[in-house]
Structure formats: structure tokens, C-alpha cells
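[1] Generate coordinates for the sequence data below:
(chains A, B, C and D)
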Protein chains: 4
Amino acid sequence: MQNGKERPPIRIALVGHRFMGAAHANAWRQVARFFVDCPFEPVLAVLCGRDEADLARAARRYGFEAISTDWREAVARHDVDVVDVCTPGDLHAPIALAAAAAGKVVLCEKPLANSVAEASRLVDAVRQAGVTNMVCHNYRRLPAVALARRWIEAGRIGRIRHFRGTYLQDWLVDAEHPRTWRLERARAGSGALGDLGAHVVDLARWLVGEIEAVCGLVETFVAERPLEGGGRGAVDVDDAALALLRFEGGAIGTLEATRVAPGRKNHNRFEINGSRGSIAFDLERLNEIELFEHEGPDAGFRRVLATDPGHPYLEAWWPPGHGLGYEHGFTHTVLDLLRAHAAGERPRPDFADALATQRVLEAIERSASAGRWLRTDAEPDPG
Amino acid sequence: MQNGKERPPIRIALVGHRFMGAAHANAWRQVARFFVDCPFEPVLAVLCGRDEADLARAARRYGFEAISTDWREAVARHDVDVVDVCTPGDLHAPIALAAAAAGKVVLCEKPLANSVAEASRLVDAVRQAGVTNMVCHNYRRLPAVALARRWIEAGRIGRIRHFRGTYLQDWLVDAEHPRTWRLERARAGSGALGDLGAHVVDLARWLVGEIEAVCGLVETFVAERPLEGGGRGAVDVDDAALALLRFEGGAIGTLEATRVAPGRKNHNRFEINGSRGSIAFDLERLNEIELFEHEGPDAGFRRVLATDPGHPYLEAWWPPGHGLGYEHGFTHTVLDLLRAHAAGERPRPDFADALATQRVLEAIERSASAGRWLRTDAEPDPG
Amino acid sequence: MQNGKERPPIRIALVGHRFMGAAHANAWRQVARFFVDCPFEPVLAVLCGRDEADLARAARRYGFEAISTDWREAVARHDVDVVDVCTPGDLHAPIALAAAAAGKVVLCEKPLANSVAEASRLVDAVRQAGVTNMVCHNYRRLPAVALARRWIEAGRIGRIRHFRGTYLQDWLVDAEHPRTWRLERARAGSGALGDLGAHVVDLARWLVGEIEAVCGLVETFVAERPLEGGGRGAVDVDDAALALLRFEGGAIGTLEATRVAPGRKNHNRFEINGSRGSIAFDLERLNEIELFEHEGPDAGFRRVLATDPGHPYLEAWWPPGHGLGYEHGFTHTVLDLLRAHAAGERPRPDFADALATQRVLEAIERSASAGRWLRTDAEPDPG
Amino acid sequence: MQNGKERPPIRIALVGHRFMGAAHANAWRQVARFFVDCPFEPVLAVLCGRDEADLARAARRYGFEAISTDWREAVARHDVDVVDVCTPGDLHAPIALAAAAAGKVVLCEKPLANSVAEASRLVDAVRQAGVTNMVCHNYRRLPAVALARRWIEAGRIGRIRHFRGTYLQDWLVDAEHPRTWRLERARAGSGALGDLGAHVVDLARWLVGEIEAVCGLVETFVAERPLEGGGRGAVDVDDAALALLRFEGGAIGTLEATRVAPGRKNHNRFEINGSRGSIAFDLERLNEIELFEHEGPDAGFRRVLATDPGHPYLEAWWPPGHGLGYEHGFTHTVLDLLRAHAAGERPRPDFADALATQRVLEAIERSASAGRWLRTDAEPDPG
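    From the prediction side, this is the model:
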């Protein structure tokens, strides 16, 4: 067993075929080619989307057996084991609910939902259905980030006092960039906050712990953008979101997510300071992680290439110094999903984790309106 | 003129002879040795302190003509033109008030005062006395930082949207570090906020503009520390302070000051994102400044060595690539003070600037207590 | 066409299934999944190796249709179009010769041969057979490196004066590391020189031009190492090789290849200085390339993230800032081989290029023995 | 004692008042202001030069008591204790010989001489005169570099195998840069080799050991440059020099010095690889030094801020993280000269060290002509 042919197949329906669809399709295709202990052999069963011609092209390109322009039909198929949701946010809930109802394993892109209420419904649904569920926070699965978690768990930086998380991009700097679906609240839920801030919150929760209170600020610098069909439309999501954070364990932090930071292409950076050391990471240099440990006057931040076979996930890849790329985070995500599913365990982050993340994001938005700190477990104001 | 001997002398009384005293004494001693257009020849007239033996040693070391254990006497001397205040914060006000009353030029270390009320009194005093006054924010005077300001003024990064300022140190990580005067509210006014955060606010104001509202958080991680005489004493200042910022011009920002970030020795870092570009600086690499400008797909952050003779202050120093150090910021500060004094102009930052900075710092502290955003011009709560 | 199913298939026989075998298998499997204009659909037809059980496991893992423990048989198969040689160096020649004789497209790992004589025979063979042939120098195909070439061709750094190429690794620092085949001259041809130095020479030739003279030094620091079967064996290849270089166009350079540089995991770094600018690259940060262009006193090395869709090969991958990994260089290599094959053009580097590279490597070794500069076109000493 | 006034004065005659003169004057002026254990109080007695008006201005600026347009007169003065030679290279020998004959302490800028023969005469002269003598290799005295030496002596990187030293500048990239004295063999002795390469050789000797053989290459890319008085003149020194090195202890190395590397302003960089670790330094970031030590898979290059009071020379300066600049290397040089003189010890590097360095430089030049390796102790060819 454990070597391709003898593994049980597991059949995937993937909904969405653009950026995230491509990344997920690749992950499913690659995982059993590299990880000899991957418990299943994923089969790219069906790819779902709306435009049939586009869809057919994508399916051939990614290597899917079939296509469907009706995700409900695909989700209902008996020969589908996993439903993987890579659509805009407004479709997460209906698809995931249907998948849970059909007893499928569900993997959903982040942010899980566009509201806490929606996320709660999804948590209830997967619990009731008893299906394995996971949200794709691929950055947890980069070796460097997983190594940071390992160091923290081993106590190498002591008790955490500071978290400093920024996710900076620049694709909206130009005021003439069109208003895509990511800039519509009805579809995306929020802007930089949900798209980028969700990653920061997930990493903060995983590496530091639960966030109990926040004070937020959201800002839209460019209030109106060209519509793809002509004319201009209002932007009703944030370009940037900032927050102060208080963690349950006593740590404090800052969060920043923006799409208007020139030169920062994918600058998902965090620094964590503990009572004995510090860790820093930057997604633009994803094969590295910096570690500081107290070692007298000759101490210094150490640039560790997270490319050693002893580092997380790296037993399957290349020799030291031969780096991985962005896409590998997805491969490791589906690996961990399959491992958990085979073991009957809870993959992390699951929908319940995503609900906790959503509470933080929503608290940031409400706090920004209220102009004051809010606890993340507070009920939203009825008004 | 312009070459040493023929310059008019200007006689300095320096109060305080430890870390800051050494830095200021060096600045006064060096400025006319390098800047041929320095309008005065500073004379180290008198050094003031409390312990006579220590003071005598320091005066010989730094090259002062005389010492005095009574700063009032020194300030009153007819042969003193400038009073330079390098004491702990609780003595800034009495000395500066006396100096102003005596008609002296006053240079004061930051933070100017331990409260807005005190800072206001000082502003009134120097205005009434009509004396040239300046607060020492040496980091404005590093060539790299001054170059950032030049770029911003020239519009190279467009309209500013984001400011991200952190000043991280680690000298208080160890819970057994003694409780020095910098950890007593009565003497220092505040902790990391006033000591480090004051620099961040000054840079933010200079580079971005006035801060109109803040939301702060202050934290003391180690509540009790050994006293130098034995026993332990409570720490009543912050180890760390965080804030969200709103600037008058529409920019938003974050501020962080901490003394418990392992590995960060003097990490005064800022990044500014505008509508056309970005600038980043880190005091631990003080001879560099990073600039991003939109230049198509081959754009990237450019590491500029701020060591060119055409860069600010560098006409007086070494060839390109031959870096300056921390102390040069002070030399440039006294240069600019002397230039402004000679020209009858207002040096910057002066006491009025420091009052504005103090308003921001105090608003951060009050906001932290109140758990909500506060305007920086709001009157403090009477309670 | 251009979308999967309709592409003509092209059937691959891969000889060798360890490190390089895995990298090549992945490349063949991935190329048509990402590059919509890939002219063929590669089919993993047969994997060759010696140990049948290992081979079967590898074939299942990588996704091959069949295995063969006799490469001659595989090369002779009518349903094989491409022979891809990933064996130790001593087998390159017999396999490639057989493949050429059988009219197959040949892709061979570097260094092509263990001697100039052998490389010459291979060049003659592929010429006579008229088969498409290529040597895998994967680093040419990293977007950052291909971008460097594009900049050089566009004249952005002017006429090249300096090349500085180092390839540093550290896996042989420990004197107890076993003597693998890479440390036997009979199998590997040479040590760091052929393994790492071959990459440096290939990049130098591609980016700067032909090397006309060299002066070399080779060194074996650890003369004896444990044998895998027990006992110790002599090391008859170099741990490190250094050379001075003279290029035809007037540039001068240095080359260094070593396996005993602690902390350097895969430090294939080059810097090129021209009459107008400079370029620098480090394989440990493979998604970045540094560019300096004269732009007055505010010039500086610019860190370009080579992750833009407009950069080489990146139309097929992810948004800006979402980096690629080591393995992608191989995917791009087979892409370019297939493109050239479809177009009836010469892929580069081909066997003739590799012969030129081999001449440089061999000249370095002979120069090291002779203690003097040698021209690369000099006939080897008969003795 | 040890505190200014009570130290015995030591009177300095400085010959040369431009770049190096300014740096040395500053060092003499500053050393006793910061180092409480400096055994003498330097007095800036007399500044020598040719143009009287320029000289007078410089003397006022730097703070000298007197000037002299006749260095012979200054050297002969009874009230001069130290002669500090900061002239172009062709004047080093006559001035240093006169100073030695007059029994003065002699400090000489590097390179000591324009030939081995000249350097030998100087060594003989100072030996015969029994005077304290030193050559100013300021980079040895940067805290980061001195820390590297301390680590090497403590065995932290084990036995050294590789040295990689480059000193890159770019001020001659422009072919229209005038032909200054630094580009005339008669005055400067050589080009980049003597000016920059001398630093590399000095550091190599200090950190690694004696160089026993070299193979060199020298190149002049721009053969003719504008003369300051009009017209054009031939350049008879190198723009760039490269060499392979063999050290007595078994290490091997590369050296490169160039003035035509765009973007490299003062890139004096070295990396040293030992059997247990590595060290890397870059003068453009002079307050940092990188250390790698084997520490399992989580090892990495550690960026040490060489700014701790426990690091070399730093007891006299600022708190951790408050960096020094280029000029401090000179201050530490004169400190060590004064300490050695007071103790009756040999300061390093002295004239004998500089002779050894000169032998290496000259061997590089001769090797470049000969096209082969040369031992550094070989007698020059009589022809």
C-alpha cells in the first residue's frame, strides 16, 4: 500500500475554476505523486463552473474527467466523495450546505462565509451531517510557517507577548483598476479584511491563540471604480483594514490588511515576540523563517531556510536549499485533509475555526463603526 | 568667515551627562569641524549634574571648560548662550522654563514634557521669552530619513495612505532587569510610549502630517522589578504601547513601541505607502532607505544607500558608501538649531511641535483607558 | 487545439528515478497542465532503473505506465518519443548514444559527459542522427534568471565587464559523510566542479558569452570518507573548484563551486556588472532578482520579485508575489524542449552547448594541474 | 589619570588634508573623548599640505594649532611626537623615512608603499630607528570585523577552508570620470589593486593567515580619461584586479577589487567558511556581521548587530543597536596605536605587515603578466 495504485481512490468535485480552482486542482493532482503516505489517490472527477466553453477548456487543462455547469448536480453525484468550494464568497454557504447534506467531505476556500451568521449555519450543518470539513488556509501549510508553530509549541520563544501581522498587496493602487467581484460586498462580504485579514487572523489564532477583543479601522481610499461593462460603480468594501488585538493568553497585537501598498505584492508578514525569543516570516520569501533566541551578546536573528527534510512536509520534496513555491501550501492542505479524514480526526482549520475567525473579522468591522474596542464574542448590535 | 576661527562663538551649558549628555556633547564638539557653513563655533562652557566626582570626570572626558552641580546657577550665567537639557523628563520643565526666562536658546531632549499641561506651559514660556527653542528628535536628522522627507515633498510616492511605525527594543525582556528611572512614572512620565513612541509620532507628523485621532493600548508585562538598592518595586509605566492613527490628510496608520521584543535592539522602522510609491526605513540599518516607485513589471523596492554627497547633510562627510552612525543625527540637530538661530527662523521640531506630539501620546494613553478612539485635540477628562 | 486532449501525445522514457528522476517526472506531468500552448501532451511511458522493487514503487508514485530494468529495451521501444537521461554521469553517454541512434529526442541531465572527448562523441552522434537534443540546465529556466537574460539583451546594464559566479553548498562539511557515487571520479567525472560548476559555466555562457581562457584551482579537503558498505575509501574528486575567467567579449570573471561552505545550502549566486548597471541573483531566493541601473544619487539595487505575469514563464502560474519553487525550472525546461521540437528549432542549451561547457570545466582542471592560464579551446596535453 | 586632563599629551603632525586627512584628524580629536583608558591626550599640532590657503582652511576646520607647507620642517619639529602620513602613495616613503629618522611614531595610510622594494626600505628604517609604526587598515577596527576575528580565534567556525573577499566600488564606471592621481601609476602605484585590494589582503591575512601563492588578473577597461586641465591622458593602473589565493594553513580563496561595479558603493565584503561554520561581512552594512554555526536543521546565518557593549571597542560608545559609522574605524586605529605605544608593544598591522601585504599585491600583478601562479615570497623577475 501507500504507493499509488493500491491506495483507495477519492473522487473530487471542484467548484470554481479560476485562480483558486487552478491551485486546488494542482494540489489534488500532485499530493499522491509526492507523499508516499497519502492515504487516498485523489481523482479529479468533475469541475463545475458557469461558462461551458471556459469550463471545458479548464477541465482539459487541469485534467478533470467531467464538467458540470450545475454545481447542485455535481454535489449530488454518488461518485463524488469530496466537494471543494473555490467560488466567490457568496456561494460558499449554499454549496457547502448542499455538500454536507449529501454527506460529502467539504473543503472550502477562505473566508468560509460572508457573515458570522452564515458561518454559524455552516458549522451547524457539518456537525449535524457529521462530515469531515476544512477551510483552506494554505499558509499554515508552508513549511516555514509550520516550523514556526513547531518552535512555539516547543517553547523556544517562551510566552508570547506581541503579534504583528500585516498582509499587504498593491493591486488596487491604481484607481482605474476595474471593480471586480472582489470589490462587491454582496459577493465578497468584505474587501482586504476578509480576503487578506482572514489569513492574518487564522495565523494569529493558530500561532498565538484566541483573540478576545479587537479595535478596528476600515478604509476605502478609492470609492468608485470602472465597471467591466463600462461606466463606474461604487466600491462598498474596504481597501484596507487595521486592528489592535488582545489575545486570551495576555498577548497583544496589530493586524493590517491592505490592497494599496505599492511594491508589496504578497507581503503576508508576521512577527511574534515572546519572553525568550522572536519569530518573523514574510510570504514573499516563503522558504525562509527568522528565529531569534537569547544567546548572549552574539545573538541575532537567524535566517533559517525551511527546506530541510526534517522540516514540516519536506520529507516529500527536494534536498536542502531547493525551495518550494506558493502552490505547495495547497498540496499540503489537501494532504492534511486526507490524512485527517482517513484517521477519523478533525482537520484544522475546520468550519468551527473559520467561525471563530469570522467573529474576529466581524468584530473588527463593527468596532470600526462603533469607534471602540469590542469583545469578539459580543453579540452584534441589533441596530 | 565660515572656517572655524572667524565664526562667532556660542557657549553651551549642558545639563545631564550620561547617555544623552554624551551624545549632545559630541554633537556640539563636532558640528563645526565638519560643516564649513556652521554659523557659530560652539564652546562647551559648562556641564551640569549632581554627583561632583562623576561630573568632573565627564567634563574632562567630553571637553567642558567648567562644571556645576547647580543647574540654576549655570543657566543664569551671562556667558552661556544655549541651555541643552538632557535630564530625565521630570526636570525638563523647570530647567527649560528657567532657561527661557534667562533668554537662552533652549534645546531639550524628547519627550519635551511628561504631560500636555507641562508642554503647554513650556510653549507659552518660550513664546513669551521669544527664545529660539528646539526639541531633539535626532532621527529626523539622519540622511536616510531626511531623504525620505525630500522624496515625499517632491511627490515621488504620491498622496500618503498608510503609515506603519514601530520602535522595538528588547532591553526589558528580562524580568530581572532593574527598575531604573525610566520605569518610574514620576520621573519618566511614561514608558515605551514616551521614550520610543515619541520618536514614532514625531516622524509620523513630519513625514505624513498631523494626527487627528488615535485609538491606543498600553501594556505592562512585567509589573514588578528589582530595585537598585534591593527589594522590588512596582513598575507604573508601560512596557509597550500600540495605537491606530488617523491623519488629517486622510492617511491611516499604526504605531507600536515596545521594550520587550527579543532581538530588536533599536528597530525604529517605518513604512509609508502612497498612491504612487512606498518608502521604508529601519534604524538598525540607518544608512539605507528603501524606495518603491511604479515602473512597470520590473519595479521593485530599491535599496538606496543614503550616503551620497547630494543627500541631506552628506556634503560634510565621506564618499558614497562610507556610512554614518547614530551620533551623527545629533550633530545635524545642533547644526540645524544653529542655522535657524542665526537666520532668526524657527527650528523644527520646536516646543510647539513637541506639544502636538505630547497631545498624541497623551491621547493614546487616555484612549487606552477609555477603550475607544479619541481626537488628539480633545480636552482630557477632568477626572 | 492547445487545450489538453487535442494535443498530440509525446511519450517519455525516463532513465533514473531518484532525485533528478523525480524532478523530471514532475516536469513532464505538469507542463501541459499549466502551459496552454504546450505543443504536446507528454505521456509518462516507461521508467527505467536497476532495482525492480524500487523502480515499481517509483513508477507508481510518479505515475508511469510501465517500468523497465533494461534501459536499452526502453530506448528501443517504438512507442517512445523522448529519452530523458537522469542517471549518474558515466551512463549519460551510452544511453544518449543509443537514444540518438534510435532517432529519439534526447534530454540529458548535466553535466552532459565526464570528459570533452565523450561530449564530442555525443555531439557528433546527435548531429548525425538529426535528433532534437537538449541538456537540462534548469536554472536558465527560472523566471528570475530568464528575466536577467532579457534585461541583458535589452542593454539595460550595458556592456558586461564582470561576472562573479559562486555555487556553494555544505553537504560535505562533515568528514563522516559517506562516499556516494557523486564522490567517485569514475562515475561522476568530477566533484563540485562538474556538479555545481557546470551550472555556473552554463549561466556564464548564456548571460555573458563564451569563455576563452581560465585559470583554475581544485581542492579536496576531505581525502577519505566512509564507504556505505563499511570501511573508508579515497575521494578522487574535488570538494571545491575556483577559477578566474576571461570572456570573449572582454569581460572577466570568477567562478567558485564548493560543497563545504557551512550554511550555504544551495547558494547559486551570480552578479554581473556592466557599463551601465548590475544584476544579482541568489538561488536561495529564487523568486527575486536584483537590478541596478544608473539613476543619479537616488539609485540603488532594486529587488524585483520575478513573479509578474509579464515575466518569463509566468503567464501560466499565479498572481504577482506568489512565488514558484525549484521544480518549476524543470517544467520550463521540458516546455522549451517541446516548443523547439515542435518548431523544428534547436533548443538551448543543447549538446553542442554542453560540449562548450565541458571544455571550460576540463580546462579548469587542466589549468589547476598546470598552474597557469589555459585557453578553453586548447587541445589537452597528450600526456 | 585616564580622564582627559591628567593624560600625557601626544602631539600629532598630519601630512595630507583631504579625504584621509579629515578622517585621521577626526580620529585623533575623538579618541580621548570616548575612550577613558586612552593613554594619551592627542594634540593636533600641525597640518601639512601644499596649497597654503586650502591648508589654512582645513586646519581651522579640523582644529589644528598650526600649518606647514613643508612636511620636512613639520617632521623635524621637536614638539611633534607622531607623524601621520595621509598623502598619495608616492610620498609615503620619503615622509615615513624622515619621520623614522627623526624618532617619531609613524602612522601611514595604506598601501604603505608603491612597491615591495620601497616597503622593505621602510621596514628596515623603522626597525633601525626603533620607532613605533603602524599602517592604517581601518577596517580591522570596525567592531563587526574585530568580532569576526574574535570568533575565529575562539574556534567557532573551525579550521578555515574558504576565503572570499571582494571590494567593489563604482566611481569609475563613467568613462568620462577624470584621471585623478589615483589613476596614475607614478603616484598611486596601482589602481583598484593597491587601493581596495590592499584592504582585502590585509583582512585575509588577519582573519585567515599568510597567503603563500596567488594567481592574478588585472584589467583596465577604460584606457584613457579626461585630464583635469583638459585633453585626455592614458590610464596606467588597473580598474579591476582578481586573484586566486592559497593560504599557508590550507585554505583557498578568491580576491576581487574593482572600481567599475555599478551600484556597489563601498562593497568590501568577505565570507569565510570553516570546517564548523561561516562568517560574512559587508562594509555597506558595517554594524552587522553574519555567523553560521552548525546547530542541526534549524541552523541558519545569524545577523548579529555588532553594537553590544561587550563587542570590540563598544564599551566607549552607545547602547545596543545604536550603530557606528565609517569614521569610527579610524578612531579605533589611533586608539590601538596609542595603547601599543604606551605599552611598548607592536601595533598591528605595522610596516612589516604591510610589507607582507605588498608582496601579495605585487605577486598578483606579476602573476597576471606571467599568466601563472606565483609564490608570494618569490623574488621578482629581474627583467
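
[2] quick one, phi psi at A:Ile211?
    With angles defined as degrees, to the nearest 10, A:Ile211 sits at phi -100, psi 120.

[3] for it, what are its contacts?
    By CB atoms under 8 Å, 6 or more residues apart in numbering or on different chains, the contact list for A:Ile211 reads A:Val201, A:Ala204, A:Arg205, A:Leu245, A:Arg246, A:Phe247, A:Glu248, A:Gly253, A:Val360, A:Thr376. The C-beta positions use only the backbone N, C-alpha and C, and glycine is treated the same way.

[4] and if you look at A:His162?
    A:Ala251, A:Ile252, A:Gly253, A:Glu271, A:Ile272, A:Asn273, B:Ala240, B:Glu256, B:Thr258, B:Val260, B:Ala261.

[5] Could you list which of these belong to strands?
    A:Ile252, A:Gly253, A:Glu271, A:Ile272, A:Asn273, B:Ala240, B:Glu256, B:Thr258 (DSSP state E).

[6] where exactly do the strands run in the stretch 101-250 of chain A?
    A:105-109, A:133-136, A:160-168, A:211-219, A:224-226, A:232-234, A:240-247 (DSSP state E, counting those that start in this stretch).

[7] circling back: which of the contacts of A:Ile211 count as buried?
    A:Val201, A:Ala204, A:Arg205, A:Leu245, A:Arg246, A:Phe247, A:Gly253, A:Val360, A:Thr376 (16 or more other CB atoms under 10 Å in any protein chain shown).

[8] In space, what's closest to the fourth one - neighbours in sequence excluded?
    What it means is A:Leu245. A:Gly253 (3.9 Å; CB to CB, 6 or more residues apart in numbering or on different chains).

[9] The fifth one too?
    Among residues not flanking A:Arg246 along the chain, A:Ala213 sits closest, at 4.3 Å (CB to CB, 6+ apart).

[10] re the thing from before, ok, the ones in strands among the contacts of A:His162 vs chain D, which is closest?
    The nearest member of the ones in strands among the contacts of A:His162 to chain D, counting by CB to the nearest CB, is B:Thr258 at 13.5 Å.

[11] count of neighbours near the closest one?
    By other CB atoms under 10 Å in any protein chain shown, the residues close to B:Thr258 number 31.

[12] quick one on the thing from earlier: beta-bridge partners for the residue nearest to A:Arg246, please?
    A:Arg246, A:Arg375 (DSSP bridges).

[13] got the domain boundaries for chain A?
    Chain A breaks down into these domains under automatic domain parsing: A:9-136, A:140-349+A:357-367.

[14] could the ones you listed go into TSV alongside mean pLDDT?
    Below are the domains of chain A laid out as TSV (pLDDT from 0 to 100):
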stretch	mean pLDDT
domain A:9-136	97
domain A:140-349+A:357-367	96
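
[15] Need these in a markdown table (columns: distance to D:His341).
    A markdown table is the format used below for those (distance: least, CB to CB, whole Å):
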| stretch | distance to D:His341 |
| --- | --- |
| domain A:9-136 | 67 |
| domain A:140-349+A:357-367 | 29 |
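
[16] of all those, which lies closest to D:Asp51?
    D:Asp51 lies closest to domain A:140-349+A:357-367 among the domains of chain A, at 47.4 Å (CB to CB).

[17] Over to the closest one now: how far is its first residue from its last?
    Terminal residues of domain A:140-349+A:357-367 are spaced 27 Å apart (CA to CA, to the nearest Å).

[18] starting at the chain centroid, how far to it?
    Here the centre of domain A:140-349+A:357-367 is set off from its chain's centre by 9 Å, with CA atoms, centre = their mean, to the nearest Å.

[19] again, but for stretch A:34-46
    Distance, centroid of stretch A:34-46 to centroid of chain: 21 Å (CA atoms, centre = their mean).

[20] Can you pull the residues of the stretch 1-150 of chain A lying near chain C?
    Contact residues (CB under 8 Å from any CB of the partner chain) of the stretch 1-150 of chain A with chain C: A:3-5, A:19, A:23, A:26, A:29-30, A:32-34, A:36, A:57, A:60-63.

[21] which one of the contacts of A:Ile211 sits closest to B:Val46?
    So of those, ranked by how close each gets to B:Val46 (CB to CB), first place is A:Gly253, at 47.8 Å.
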